[in-house]
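# Dropping a prediction and its sequence here:
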Amino acid sequence: MAAICVSESSTNAFSTPVDTLSLKSHISLNPINPPANSPEPSGKAPHHIYNKKRKWLLVYIVSLAAMFSPLSSNIYFPAIDTIASDLNTNTSLVALTVTVYMVVQGIAPSFWGPWSDIYGRRVIFIGTLIVYVAANLALAFTVNYPMLLVLRGVQAAGSAATISIGTGVIADIALPSERGGFIGTNSGIRMIGQALGPVLGGILNGIWGFRSIFWFLFALSILVLLTLLAFLPETHRDIAGNGSVPLHGVHKPFIYWIISEPTEWVRSPSTTPGRKTPSVTFKSVLTPLKHLFEKDIFLLLAWGALIYAVWSMVTSSTTTVLKHEFPSLTDVELGLCFLPNGVGCVLGSISTGKLMDRNFRMVAKHYRRQHQIPDDVEIKGDKSFPYERARLSPMPYLSAVFIIVTALYGASYELNDVNRKAIANLLISLALQFLIAFTATAIFSINSAMMVDCFPSGGAGATAVNNLARCSLGAVGVSVVQPMINAIRIRNTFVVLAAVVALCSPMVWVEWKWGEKWRTDREKRKGASLGL
């Protein structure tokens, strides 16, 4: 991994030239309310009053809630045949519920995310989880296919937004220098559901039937909902400021009735409580969709969505492919076969988060020298900072590995025509699944961090658009992968997909080359429209 870190010389070679600014233009003279686009001097009002330990605690809490989105999808895969049998339908129709889940998973955050940017993270978090709890309870009593289809959509509507709102919480509390690690860990914990979901689904389905899966999700979601009610404070900066504004009503966690709220810093005038809450309109919900028309954002979304679609096609086809190639596998063994994919997701997210933080520090070190900024001055909200150099340097290497292993994946099932059922073939295929998952989720983490860097004040809305792009294309991929395998065999299917990704890979280079210019031009237009 060290080979893909940004070096100081490479940063200097590729960074867009910027006139050296005086230290005076970067440092706030107001200790309470520094300019939004300036670094913060040491000893002055911090970006957020929570210490690192407390920030990590919030990251863990929102990540646990966000885990329900991949968990609810993947815990379902080993039970597809059982569900089809119990509800007197066929596996193709049951597989359609996976597509419905992904479609709603893509659409729902586009509504929940902007609402959390208006009303706050905590209240929307609670609302979405209540919807999710109710859906799981109803699914546990499923008696026919139409009921399953509708309730899976409701379940997705409740679980999907937890990802974008959790990212919004991280955007509220984190400085750019620590955001990569937080987002990487957030993705890694979420992907524990990706790793354990199919195993749990196989065990529960094998012992108690498919309805036990939904009873398990119901009980687990109740525990997480109670944890949020007890420990998650409101973090939206228009409501809670930098954490020093006293919270009231639904914004206040139950634990604050037992211990005192943190009030180490005086309240900033810009974060005084009692603000007039903007009304939610159809326009406000659609506002984040305008990001799709920004060139740099479109490239990030398109590339991330393509990688997500191919990875989803690998995951969603695993049950059918393994049942065909290795018919002797039990439900539990089938669930265990999803572990390499899940472990790859977890390790890819966490390691990339650490790598992004390391790269950010190296780019920041060069940027400080270039602009004569002392080491004790925090870089925050500086629009001229080369975020693309700090985030995107691993992307070409990860993308190349993803293309290669995807092309090899389908062929791995046909390595030995004489003894196609050999366990060695299975292990090779699962090892390639690990690498596909590792590189795919690493790319997702980079994309998520870059989206928040581009829109730090609207992190939830930006992440919702990211989720919409991924899940929409992913739903298309899931719906066509099995017909492709049936028509041209699994080997040719994934060779074709790898070729499509390779043909689209120049998007990474274009984003690296011109993304910084497009982003800064957008910020200038925004500043001009505000008269700044």
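Happy to help now that I have it.
# Roughly how far does the residue lying closest to residue 475 once chain neighbours are set aside sit from residue 334?
Once flanking residues are discounted, residue 475 sits nearest to residue 102: 4.0 Å by C-beta to C-beta, 6 or more residues apart in numbering. C-beta here means a position set from N, CA and C on the backbone, and glycine is covered the same way. Distance of residue 102 to residue 334, given as C-beta to C-beta, to the nearest Å: 21 Å.
# same check, this time on residue 108
For residue 108, the distance to residue 334 - C-beta to C-beta - is 29 Å.
# swap in residue 229?
Taking C-beta to C-beta, one finds residue 229 at 36 Å from residue 334.
# With residue 363 instead?
Taking C-beta to C-beta, one finds residue 363 at 45 Å from residue 334.
# between residue 102 and residue 334, which one's more packed in?
A count of neighbours by other C-beta atoms under 10 Å puts residue 102 above the other of residue 102 and residue 334, at 27 against 24.
# who touches the more buried one in this structure?
With contacts defined as C-beta atoms under 8 Å, 6 or more residues apart in numbering, residue 102 is in contact with 73, 156, 312, 471, 474-475, 478.
# let's go with 7 Å and repeat that
By C-beta atoms under 7 Å, 6 or more residues apart in numbering, the contact list for residue 102 reads 471, 474-475, 478.
# is it possible to export these to a markdown table including pLDDT and secondary structure?
Compiled in a markdown table, those are given as follows (pLDDT from 0 to 100; DSSP: H, G, I helix; E, B strand; the rest coil):
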| residue | pLDDT | secondary structure |
| --- | --- | --- |
| 471 | 79 | helix |
| 474 | 85 | helix |
| 475 | 81 | helix |
| 478 | 84 | helix |
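# Could you dump those into JSON lines with neighbour count and distance to residue 126 added?
Shown next, in JSON lines, are these (neighbours: other C-beta atoms under 10 Å; distance: C-beta to C-beta, whole Å):
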{"residue": "471", "neighbour count": "27", "distance to residue 126": "23"}
{"residue": "474", "neighbour count": "27", "distance to residue 126": "27"}
{"residue": "475", "neighbour count": "22", "distance to residue 126": "27"}
{"residue": "478", "neighbour count": "24", "distance to residue 126": "30"}
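# from those, which is closest to residue 248?
Nearest to residue 248, judged by C-beta to C-beta, of the contacts of residue 102 is residue 471 at 35.5 Å.
# Check the contact between that closest one and residue 105; I expect there is one.
Yes: under the criterion of C-beta atoms under 7 Å, residue 471 makes contact with residue 105 at 4.7 Å.
# I'd like the next helix or strand past the one helix or strand residue 316 maps to.
Taking DSSP states H and E as the criterion, residue 316 maps to helix 295-325. Following helix 295-325 in sequence order, the next helix or strand is helix 331-336 (DSSP H and E).
# What residues of that next one count as buried?
331-332, 334-336 (16 or more other C-beta atoms under 10 Å).
# Could I get the residues you listed in CSV, plus columns for pLDDT?
What follows is the buried residues of helix 331-336, written out as CSV (pLDDT from 0 to 100):
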residue, pLDDT
331, 74
332, 78
334, 81
335, 79
336, 85
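# still on that earlier bit, show me what the helix holding residue 316 is packed against.
Identification of packing neighbours for helix 295-325 by 3 or more C-beta pairs under 7 Å, 6 or more residues apart in numbering; DSSP states H and E yields helix 395-412, helix 423-454, helix 459-504, helix 506-529.
# deepest of those helices, which one?
Across the helices and strands packed on helix 295-325, averaging neighbours per residue (mean count of other C-beta atoms under 10 Å) puts helix 423-454 on top, at a mean of 23.
# State the mean pLDDT of it.
Mean pLDDT, helix 423-454: 88.
# contacts for stretch 206-213?
75-76, 79, 82-83, 86, 140, 142, 201, 204-205, 330-332.
# tell me the mean pLDDT over the helix holding residue 316?
88.
# ok, now stretch 347-355?
Here the average pLDDT along stretch 347-355 is 87.
# With stretch 202-213 instead?
The model assigns stretch 202-213 a mean pLDDT of 89.
# now swap in stretch 112-128 and tell me
Stretch 112-128 comes out at a mean pLDDT of 84.
# quick one: that stretch to chain centroid distance?
Here stretch 112-128 shows a centroid-to-chain-centroid distance of 17 Å under the convention C-alpha atoms, centre = their mean, to the nearest Å.
# Same question for stretch 204-224.
24 Å.
# all numbers from here: first residue = 680
Yep, numbering from 680; the last one is stretch 883-903 now.
# Give the buried residues for it.
Under 16+ other C-beta under 10 Å, the buried positions of stretch 883-903 are 883-885, 889-897, 899-900, 903.
# Secondary structure and distance to residue 1169 for the contacts of stretch 885-892 - can I get that in a markdown table?
As requested, these are exported to a markdown table (DSSP: H, G, I helix; E, B strand; the rest coil; distance: C-beta to C-beta, whole Å):
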| residue | secondary structure | distance to residue 1169 |
| --- | --- | --- |
| 754 | coil | 24 |
| 755 | coil | 22 |
| 758 | helix | 22 |
| 761 | helix | 24 |
| 762 | helix | 24 |
| 765 | helix | 28 |
| 819 | coil | 35 |
| 821 | coil | 31 |
| 880 | helix | 23 |
| 883 | helix | 28 |
| 884 | helix | 25 |
| 1009 | coil | 22 |
| 1010 | helix | 22 |
| 1011 | helix | 24 |
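# I only care about those residues that end up buried; give me the ChimeraX line for that.
The buried subset of these, as determined by 16+ other C-beta under 10 Å, is captured in ChimeraX by this line:
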select :754,755,758,761,762,819,821,880,883,884,1010,1011
